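Student: Would you be able to build a 3D model of this:
(chains A and B)
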Amino acid sequence: MNYYHPDMECASREKLRDLQSERLARTVRHVYENVPYYRGLMDKRGLVPGDVKSLDDLPKLPFLTKDDLRDAYPYGLLAKPLADVIRIQSTSGTTGKRVVAFYTQNDIDLWDECCARAIIAAGGGRDDVVHVSYGYGLFTGGPGLNGGSHRVGSMTLPMSSGNTERQIQFMVDLGSTILCCTPSYAAYLGETVISMGLQDRIKLKAGIFGAEAWSEEMRRDIEKTLRIKAYDIYGLTEISGPGVSFECSEQTGMHINEDHFIAEIIDPDTGEVLPEGTRGELVFSCITKEAFPLLRYRTRDICVLTRRECSCGRTFIKMTKPMGRSDDMLIIRGVNVFPSQIETVLLNSGMTPNYRIMLDRVNHMDTFEVQVEMTPEMFSDTVKQISTRERELVAALRTMLGISPKVTLTAPRSIARSEGKAVRIVDNRKI
Amino acid sequence: MTIDQISVFVENNLGRLAEVTGILGDANVDLRAMSIADTTDFGILRLIVDDPARAIEILRSAGCVVSVTQVLAVSLKDVPGSLAKVLAILADENISVEYAYAFITRKKDDAYVIFRVEDNERAAEVFARHGVKTAGAGELFDL
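Tutor: Predicted coordinates:
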């Protein structure tokens, strides 16, 4: 068995508990002393840092949600002076403002280490050629796996997303052995490799796929077309990025890096902490981060946590793939999209906030259509003018969401009103 | 001299065009000319009718998105080459045509062409200068 940090990954339960308790207490003190927003939340509950001495005291702390991130945007939750911050990453907010997460050098280091653990667990090492086709930039996918691969000492191909033929050319020419991307892109790459007749010329042995939902069927498909073993990876920008948890050779759930993150499962309606093995909302507390150490952050992902002996030898608790969301966030082509963001753009563009989101998966790729009702303001007697307005709307949506939908103009009053998200979103993707 | 053209947003659904024209037929609105601009997702139905104000009211109350545009109607001899001649005049004067459509009448030997241009006033002045006849709404519905 290969581990990046066996002392931690295979630590006894007692050792982990003690470590988590000590790190939690330290982090609570750190945020109380350095983040007025946190201190305000704790004061409201009559809490002082001394009240949180161990893991058992964790439920005393208030939850944080995306609303807190929006209210405290941009610097309100920053726990270190700017001089110590070296990087930001960003993800979607629920409306106009994005979520911005900050990193010190130590924060980047621990994130890199989490991703390195995932690469090692997938059979990676110094001799491997790690092909990173996650997007680079504000999205955490590319930078995360890139850093992890450096840490392992593998040769890293910072491919980023898109340009599939070039991806495959590099894969063939440089002999990529581990592919990191979204599962839908992996499936697409696999099909393209076959259609180019290059299946025998690629040397991939493993893939690390995350950032969107995928099924066991899809895993088997990808494993067959690319002739690899496909591993799941999980993470979120607010907590650090990919590598918060990762799959091992057993492929029965993702080990959470518990020396850095404490996981809880709660009832999304009451906030009550649920026992292990119960399905509920996943909540994370960062206990080693410096610049942006969120405590009890509600991920809105629904899953199950189990602590069972694993054949890989790791003792870290395992989470299932997210089975759904406790809010209305959609993951489209790996990008988080909130319907409220679309509503904001429509209102700003003078359209009716009456829309329908149509999602489907064609050739393993998500299709994303936003249907909007035609308005007198948008209408014109010339196609040219309507197309210009339509393009402006697509551009505004792309700016807000980070991906471009196809906009379809429908007849006025053709979209049912006030019936909630059930009709707003038509998701025909078979995942 | 311009005339009112009504444009109607028509979704690309089977039967939608029949529905829209049916609304006007039921209300006894007389169509003099029409054209459709189509895209992959929708169409723009452009109409010259006898009573534009009433047609708009009826269509709007039926939930249609409607707009009114001032267009020029030119009457031409219905002989080969007459349209080309008018278009050449516009081209020489640097006036581009957004779109145009034509119709002939039963009672006269003239054909009518509807022109949509950027600047109606300038186009009308050019037509007048070159002896091209423009028709008013009265003339079109007096055919």
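
Student: Only C-alpha atoms from now on, for both contacts and neighbour counts.
Tutor: Fine.

Student: Please enumerate the helices of chain A.
Tutor: Under the criterion DSSP state H, chain A carries helices at the ranges A:6-9, A:13-34, A:36-44, A:66-71, A:105-121, A:141-152, A:164-174, A:183-195, A:216-226, A:339-348, A:383-401, A:421-424.

Student: Around chain A, which positions in chain B sit nearby?
Tutor: For chain B, the residues found near chain A under the criterion CA under 8 Å from any CA of the partner chain are B:7-11, B:37, B:39, B:41-42, B:44, B:46, B:63-69, B:98.

Student: Which of the residues you listed are buried, as a ChimeraX select command?
Tutor: The buried residues among the residues of chain B next to chain A can be selected in ChimeraX (16 or more other CA atoms under 10 Å in any protein chain shown) with this line:
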select /B:7,8,9,10,11,42,44,46,64,65,66,67,68,69
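
Student: Which ones among the residues of chain B next to chain A map onto strands?
Tutor: B:7-11, B:37, B:42, B:44, B:46, B:66-69, B:98 (DSSP state E).

Student: Report the two of these separated the most.
Tutor: Using CA to CA, the pair of these lying farthest apart is B:E11 and B:E98, separated by 21.7 Å.

Student: Tell me where the model's unsure across chain B.
Tutor: Residue ranges of chain B with pLDDT under 70: B:107, B:143.

Student: all helices for it, in order.
Tutor: For chain B, applying DSSP H gives helices covering B:16-26, B:52-61, B:82-92, B:120-129, B:137-140.

Student: Put the alpha carbons of the last one into CSV.
Tutor: Same thing as helix B:137-140. Taking Å, rounded to 0.1, in the frame of the first residue of the first chain, the C-alpha atoms of helix B:137-140 are listed here in CSV:
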residue,chain,number,x,y,z
ALA,B,137,-51.8,53.4,-46.4
GLY,B,138,-54.9,54.8,-48.2
GLU,B,139,-53.7,53.8,-51.6
LEU,B,140,-52.7,50.3,-50.5
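
Student: How about residues contacting that helix?
Tutor: Contacts to helix B:137-140, defined as CA atoms under 8 Å, 6 or more residues apart in numbering or on different chains, come from residues B:T2, B:I3, B:D4, B:R32, B:D50.

Student: now the fourth one
Tutor: Where contact means CA under 8 Å, 6+ apart, the residues beyond helix B:120-129 that reach it are B:M1, B:T2, B:Q70, B:V71, B:L72, B:L90, B:E93, B:I95, B:V117, B:K133, B:T134.

Student: Neighbours of the last one, how many?
Tutor: It refers to B:T134. 20 (other CA atoms under 10 Å in any protein chain shown).

Student: how far away is it from B:V86?
Tutor: 11 Å (CA to CA, to the nearest Å).

Student: Please apply the same query to the fourth one.
Tutor: Separation of B:V71 from B:V86 (CA to CA): 16 Å.

Student: Please say which of these two ends up with more neighbours.
Tutor: B:V71 (21 against 17).

Student: tell me the contacts of that one?
Tutor: Residues in contact with B:V71, defined by CA under 8 Å, 6+ apart, are B:T2, B:I3, B:D4, B:Q5, B:I114, B:F115, B:R116, B:V117, B:N120.

Student: repeat that for 10 Å
Tutor: B:1-6, B:48, B:100, B:114-120 (CA atoms under 10 Å, 6 or more residues apart in numbering or on different chains).

Student: B:A91 too?
Tutor: B:K85, B:V97.

Student: Could you break chain A into its assigned domains?
Tutor: Domain ranges of chain A: A:82-327, A:335-427, per automatic domain parsing.

Student: Let me know which of those is tucked in deepest.
Tutor: Of all the domains of chain A, domain A:82-327 carries the top mean neighbour count, a mean of 21, counting by mean count of other CA atoms under 10 Å in any protein chain shown.

Student: starting at the chain centroid, how far to it?
Tutor: Relative to its chain's centre, domain A:82-327 lies at 8 Å (CA atoms, centre = their mean, to the nearest Å).

Student: Between the two ends of it, how far is it?
Tutor: 32 Å.

Student: Hmm, A:G235 is touching A:E247, no?
Tutor: No - using CA atoms under 10 Å as the test, A:G235 is too far from A:E247 to be in contact (11.9 Å).

Student: what residues are shared contacts of these two?
Tutor: Overlap between the contact sets of A:G235 and A:E247, as judged by CA under 10 Å, 6+ apart, is given by A:I256.

Student: who touches the spatially most central residue of chain A in this structure?
Tutor: Nearest to the geometric centre of chain A sits A:L236, at 3.7 Å (CA atoms, centre = their mean). Counting by CA under 10 Å, 6+ apart, A:L236 makes contact with A:S90, A:T91, A:F139, A:T140, A:G141, A:A211, A:P242, A:G243, A:V244, A:S245, A:T299.

Student: from those, which is closest to A:L305?
Tutor: A:S245 (11.6 Å).

Student: which one is the closest one nearest to, not counting chain neighbours?
Tutor: Among residues not flanking A:S245 along the chain, A:I256 sits closest, at 4.1 Å (CA to CA, 6 or more residues apart in numbering or on different chains).
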